[in-house]
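Enquirer: Give me the fold of what follows.
(one chain, ligands or ions: 1)
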Amino acid sequence: MMNTDKKHKILFVCLGNICRSPAAEEILRVIARESGKNWEIDSAGTYSGHKGELPDRRMYAAARKRGYNLTHRARPVSIADFIDFDIIMAMDDDNYETLRKMAPDIKSEDKVVRIRDFFNKERNDTYVPDPYYSGADGFEYVLDLLEEACGNIVSSDFNACGI
Ligand code: 4NP
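Expert: A predicted model of the protein is given here:
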């Protein structure tokens, strides 16, 4: 049975919350809305050094070209997030381990999943690579992965990660 009507609350998490997770947040928001789903979607970072900043201008520009308007302000993950959200989705294994350790109890630890569970099966990628120190190609690649994963999230309604 697919839980298609459930109003999911999803938090995407990366390191700085200025490249990968704010892009994931907006991409999922757009794709979910197009599918008639009224989900609550936000993003945060495991590192607080960019708190209050808009997305990195390179990610902003790359996303804008694909029609996504990134307006999120960076913020660190909080303990309250483990209560407020149903699904906390890590971009890479470092984020995943940090979030698992941060979780205040077993129930909230189980909310932490990896976005790679939603990559197309034929992919060899196991995480969304950090584009911060990469060139323009890195940002395009991140957006390709995120569009693919978010499409799979919406079409599977989270069944790939057992939630
Ligand atoms: P993000 O990228 O985790 O996708 O937002 C990064 C942004 C900033 C830094 C690292 C990664 N940083 O080291 O400041």
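Enquirer: quick one: low-confidence parts of the protein?
Expert: 1-5, 160-163 (pLDDT under 70).
Enquirer: hmm, 80 instead?
Expert: 1-6, 158-163 (pLDDT under 80).
Enquirer: Assumed residue 88 was part of a strand.
Expert: Yes - counting by DSSP: H, G, I helix; E, B strand; the rest coil, residue 88 falls inside a strand.
Enquirer: That one reaches residue 112, doesn't it?
Expert: Yes - contact criterion CB atoms under 8 Å: residue 88 and residue 112 qualify, at 4.9 Å. In short, each C-beta sits where N, CA and C put it, glycine included.
Enquirer: can you list residues touching both of these two?
Expert: Listed as contacting both residue 88 and residue 112 by CB atoms under 8 Å, 6 or more residues apart in numbering are residue 99.
Enquirer: quick one: which of those two has more around it?
Expert: For residue 88 and residue 112, the more surrounded residue by other CB atoms under 10 Å is residue 88, and the numbers stand at 27 against 24.
Enquirer: where's the more buried one relative to residue 56, distance?
Expert: Distance, residue 88 to residue 56, using CB to CB, to the nearest Å: 22 Å.
Enquirer: and the residue of the chain found nearest the ligand, what are its phi and psi?
Expert: Of all residues in the chain, residue 16 sits closest to the ligand, at 2.6 Å by CB to the nearest ligand atom. Torsion angles at residue 16 (phi, psi; degrees, to the nearest 10) stand at phi -90, psi -20.
Enquirer: again with residue 112
Expert: The phi/psi pair for residue 112 (degrees, to the nearest 10) reads phi -80, psi 120.
Enquirer: If you count contacts, what does the lengthiest helix in the chain end up packed against?
Expert: Determined from DSSP state H, the single longest helix within the chain is helix 136-156. Helix 136-156 is packed against helix 20-34, helix 57-65, with contacts defined by 3 or more CB pairs under 8 Å, 6 or more residues apart in numbering; DSSP states H and E.
Enquirer: Apply 10 Å and report the result again.
Expert: If you count contacts as 3 or more CB pairs under 10 Å, 6 or more residues apart in numbering; DSSP states H and E, helix 136-156 packs onto strand 9-14, helix 20-34, helix 57-65, strand 87-90.
Enquirer: distance between the third one and the chain's centre?
Expert: For helix 57-65, the distance between its averaged C-alpha position and the chain's averaged C-alpha position is 16 Å (CA atoms, centre = their mean, to the nearest Å).
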